[in-house]
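Student: I would like to see how this sequence folds:
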Amino acid sequence: MATFRRVHAPGGTFFFTVVTHRRAPVLADPGLLQALREAMTRVRRELPFQMIAMVVLPDHMHCVWKLPDGDGDYPRRWSMIKRLTSQRVMRAAAEDAVPSTGSCAWRTLPSAPDDALPSAPDDARPSGLRRRESGLWQRRYWEHQIRNDADLDNHISYIHWNPVKHGYVSRPREWPYSTVHRFQRQGIIPRDWGVDGEFTGDFGE
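Tutor: Purely as a prediction, here's the structure:
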């Protein structure tokens, strides 16, 4: 049996790939997006970290975190995010939530450039996921410790280009659930930024 070891580097910067159970496109559900947003907000309040870059696609998400000095406990943070999101799904099922707005509803939600996760409507609940409460996430996730500035730039570019890679949009800025909008608004990258898709490294997909 394989033994997986994670490197906990206090104060480090890490790239993550987190995938849904069996690649189900459940992150397309606006209620689940809201649950994920609430979970991340709560965890960042209780166990702070800097969200450098992030993108959310229907069946997976990528992000880069910077942890506080002396703190390398990202497994606890991910465990809390996954658990809190799943609990929100279970509550929605128990409350007999309103019918889902449809599998493509995520395409019409407004952009939230600050954190890649827009607020869903007040009555949005992950109602389409009632039979998936116990299997929302893959148990394992991919992590990579960022080594230097070039490595950081490579992973941030990969994150922002990911919706193009998977065929959802033709340009990174067309995807609403991405920090590419913050980077462009702050002048870090131009609005017409795009990449050719040539990246080095393993990104956990």
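Student: just the helices in this structure please.
Tutor: With DSSP state H as the criterion, the chain has helices at 30-46, 74-94, 149-165, 180-185.
Student: And the strands in the chain?
Tutor: 13-19, 50-57, 60-66, 142-145 (DSSP state E).
Student: residue ranges with poor pLDDT in this protein?
Tutor: 1-10, 92-134, 195-201, 204 (pLDDT under 70).
Student: Report the contact partners of Val64.
Tutor: 13-16, 51-54, 146, 152, 155-156, 159 (C-beta atoms under 8 Å, 6 or more residues apart in numbering). Just so you know, the C-beta spots here come from the backbone N, C-alpha and C atoms, and that holds for glycine as well.
Student: Buried ones only from these, please, as a ChimeraX command.
Tutor: Selection of buried members from the contacts of Val64 for ChimeraX, criterion 16 or more other C-beta atoms under 10 Å:
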select :13,14,15,16,51,52,53,54,146,152,155,156,159
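Student: nearest to Glu38, of the strands of the chain?
Tutor: With C-beta to C-beta as the measure, strand 50-57 is the member of these nearest Glu38 (13.8 Å).
Student: and that closest one, what does it pack onto?
Tutor: Strand 50-57 is packed against helix 30-46, strand 60-66, helix 149-165, with contacts defined by 3 or more C-beta pairs under 8 Å, 6 or more residues apart in numbering; DSSP states H and E.
Student: Quick check, central residue of this structure?
Tutor: Met61 (3.7 Å; C-alpha atoms, centre = their mean).
Student: That one is in contact with Val55, isn't it?
Tutor: Yes. Distance between Met61 and Val55: 6.4 Å, which falls inside the contact criterion (C-beta atoms under 8 Å).
Student: just to revisit the earlier point, so can I have a markdown table of the helices of the chain showing distance to Ala24?
Tutor: Formatted as a markdown table, those follow (distance: least, C-beta to C-beta, whole Å):
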| stretch | distance to Ala24 |
| --- | --- |
| helix 30-46 | 11 |
| helix 74-94 | 12 |
| helix 149-165 | 18 |
| helix 180-185 | 25 |
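Student: Looking at those, spot the one closest to Gln138.
Tutor: Per C-beta to C-beta, nearest to Gln138 of those: helix 74-94, 9.6 Å.
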